[in-house]
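**Student:** sequence? don't have it. structure:
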């Protein structure tokens, strides 16, 4: 079982930056692809970014490409999401997720992920 805990959310003005962290309870470096998802009030959960277990491959939603950077430090069992040039439409609860390795590409679909954190609120004011 993998437990995930997010941190780093908060209130920021438009144009500002935040860095989210996702700490895993066990070593995920050799066993899990990981991702960030977000859900705004009244909207469906949406994919934000994903990273392969080696950290060698990253994927982004078009809405955040060029502004957000996903990374991981397997020695610390931690994944990060650096968010720059934040917009009010980025306001949401951000959750990290981990997927046991089963082969294939790193997915963007939430149902593919096996473990989830509780989420951290990000609010961007205009």
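**Tutor:** Yep, that arrived. Nothing here was measured: the structure is a model prediction, and the numbers come from that model.
**Student:** going forward, measure contacts and count neighbours with C-alpha atoms only.
**Tutor:** Will do.
**Student:** element containing the residue nearest the centre of the chain, please.
**Tutor:** For the chain, the residue nearest the mean C-alpha position is residue 36 (2.1 Å; C-alpha atoms, centre = their mean). According to DSSP states H and E, residue 36 maps onto strand 32-39.
**Student:** before we move on, what about residue 54?
**Tutor:** Per DSSP H and E, there is no helix or strand for residue 54.
**Student:** and it, how far from residue 92?
**Tutor:** 28 Å (C-alpha to C-alpha, to the nearest Å).
**Student:** before we move on, the earlier item: residues contacting the residue nearest to the centre of the chain?
**Tutor:** Residues near residue 36 by C-alpha atoms under 8 Å, 6 or more residues apart in numbering: 47-50, 81, 94-97.
**Student:** between residue 54 and residue 92, which has more neighbouring residues?
**Tutor:** residue 92 (21 against 16; other C-alpha atoms under 10 Å).
**Student:** you'd agree the more buried one is up against residue 125?
**Tutor:** No - if you go by C-alpha atoms under 8 Å, residue 92 and residue 125 don't touch, sitting 11.8 Å apart.
**Student:** what about the residue nearest to the centre of the chain, distance to residue 56?
**Tutor:** 16 Å.
**Student:** cool, and residue 91?
**Tutor:** Here the criterion is C-alpha to C-alpha. By it, residue 91 lies 28 Å from residue 56.
**Student:** the two: which is more packed in?
**Tutor:** Counted by other C-alpha under 10 Å, residue 91 and residue 56 do not tie: residue 91 has more neighbours, with 20 against 9.
**Student:** okay, the more buried one: pLDDT?
**Tutor:** For residue 91, the pLDDT comes out at 98.
**Student:** just the element for the residue nearest to it when sequence neighbours are not counted, please.
**Tutor:** Nearest residue to residue 91 in three dimensions, chain neighbours excluded: residue 123, at 4.6 Å (C-alpha to C-alpha, 6 or more residues apart in numbering). Using DSSP H and E, residue 123 sits in strand 120-125.
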